[in-house]
Every structure is written in C-alpha cells, then in structure tokens.
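Undergrad: sequence and predicted structure below; questions after.
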Amino acid sequence: MPSPVGRLKPCPGDPCRGEGPSDGGGRREHPTLVSGAGGGESWYTRGVVSLSRRFTLAFLLIVALPSLVVSIILSTLYLSALYSTVERQSEATAREIARNIQNETDSVSLLAAALVHDSTLRSFVDQYARASGSAARLVAAEAIDAKLVSFFDYTSRIGAVVLFFKRGGDYNSSGSSTTRSRNRAISSAPGC
C-alpha cells in the first residue's frame, strides 16, 4: 500500500534556473506538493539526494580522507622513530655490556697475576704441598686462607681460588671470611 507521503509535482523545465511556466507577469510558478503515490522522481527529491551526497562526499574529502592520510603518516613516522630509538638503545646496551665484560676480564687477570706473583702466598702453597702430616697441612692451609682473605678484603672482591699441585691434588679456598667460616662449620659437623 503506497504511503500518502507528499511529493512535489514536477514542473516542466528547471525552476532553480528560472525555466518553466510563468504566470504571464514574469513570475515563475513554484512546484506544488502532490500527496500520495504516483509519478516519477521530482527535482526536489533529486536535489535533496544530491545535496546529501555532496555533503557526504565533502565530508569524506575534507575531513575523513585528510585525517586518514595524516594518521598513516604520523604512525609511520612514530614507528620509524621508535625503531631507530630501540636500535640505538640496544647498540648502546651491547657496547656497555661488552665494555663491562672487558673491564671485568682485565680486573680478574690482574688479580690472578697478583696472586701468582705474590711471594708470600707461593711460600705458603709450597709449605702446604711439602707438608707430611695433617698438623703441618692444617697450619699451611690456615696461612693460605688468611692470605687470600686479606687479599680479597683489600681488593674489595669476592672470589674463590683453586690451587692445583704438580704431584696431583688441589686446594679450594674462598676469599670471603664469612664463606670460609661457614664452610669450616659444615666440614666440622659430625659425619663429614
């Protein structure tokens, strides 16, 4: 069932351009509203649809499309800046880690050289290696531990030393006095 929606009755010619029938006095007749179903599309309906399409098209071209282009450009710039920042920070971190490893390696090699060339420590190690009884070994081990603890306390380092002897065997010592006392308490416990 057709709806009784009012429509304009089309006039011959285009009243918007000044064409169409006149009343004889130079005035143009305006289209009249015709209700009910019938007839084709009027110039008014076409004008409204085309105006709506024009506004939509204008919105898309003036607002939506530039916003989309700007958003794409900004996100591309932001991502490239983010990638370059992360890359620079990763390289700086890798250089810093490499520098710290090099410094630590140099420090450990200097400490090892200092221990190897310490004549007092070498004499204590020789006493330990030549000791025939357990009492002599215990005295030499105490002297070695005391020397290593003082060395590590002086250098403010924490470490352990393992001495290997030419005739076989080894000697383990931690450079920290707290670790040394803990190890001694464990080894002196019953059953060890």
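TA: In hand now; what should we look at?
Undergrad: which residue ranges make up each domain of this protein?
TA: 40-117, 118-187 (automatic domain parsing).
Undergrad: pick the most deeply packed of those domains.
TA: Of the domains of the chain, the one with the most neighbours on average (mean count of other CB atoms under 10 Å) is domain 118-187, at a mean of 14. Yep, even glycine has a C-beta here, placed from its N, CA and C like the rest.
Undergrad: same question for that domain, mean pLDDT?
TA: Per-region confidence: domain 118-187 scores 78 on mean pLDDT.
Undergrad: what are the boundaries of the helices in the chain?
TA: Applying DSSP state H to the chain gives helices spanning 43-59, 65-116, 119-130, 134-155, 177-187.
Undergrad: export these to JSON lines and tack on distance to K166?
TA: Converted to JSON lines, the helices of the chain look like this (distance: least, CB to CB, whole Å):
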{"stretch": "helix 43-59", "distance to K166": "92"}
{"stretch": "helix 65-116", "distance to K166": "15"}
{"stretch": "helix 119-130", "distance to K166": "8"}
{"stretch": "helix 134-155", "distance to K166": "16"}
{"stretch": "helix 177-187", "distance to K166": "25"}
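Undergrad: closest one to F165 among those?
TA: helix 119-130 (5.2 Å; CB to CB).
Undergrad: may I have that closest one as PDB, with CA atoms only?
TA: Provided in PDB are the C-alpha atoms of helix 119-130 (Å, rounded to 0.1, in the frame of the first residue of the first chain):
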ATOM      1  CA  SER A 119     105.900 -14.500  47.100                       C
ATOM      2  CA  THR A 120     104.300 -14.900  50.500                       C
ATOM      3  CA  LEU A 121     101.300 -16.900  49.100                       C
ATOM      4  CA  ARG A 122     103.700 -19.000  47.000                       C
ATOM      5  CA  SER A 123     105.700 -19.900  50.100                       C
ATOM      6  CA  PHE A 124     102.500 -20.900  51.900                       C
ATOM      7  CA  VAL A 125     101.400 -23.100  49.000                       C
ATOM      8  CA  ASP A 126     104.900 -24.700  48.900                       C
ATOM      9  CA  GLN A 127     104.600 -25.500  52.600                       C
ATOM     10  CA  TYR A 128     101.200 -27.000  52.100                       C
ATOM     11  CA  ALA A 129     102.400 -29.100  49.200                       C
ATOM     12  CA  ARG A 130     105.500 -30.400  51.200                       C
END
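Undergrad: relative to helix 134-155, how tilted is it?
TA: Helix 119-130 runs at 150 degrees relative to helix 134-155, counting by axes from the mean of the first three to the mean of the last three CA atoms, to 10 degrees.
Undergrad: elements contacting helix 119-130?
TA: When contacts are defined as 3 or more CB pairs under 8 Å, 6 or more residues apart in numbering; DSSP states H and E, helix 119-130 packs onto helix 134-155.
Undergrad: helices and strands around the helix it packs on, which ones?
TA: For helix 134-155, the packing partners by 3+ CB pairs under 8 Å, 6+ apart are helix 65-116, helix 119-130, strand 170-174, helix 177-187.
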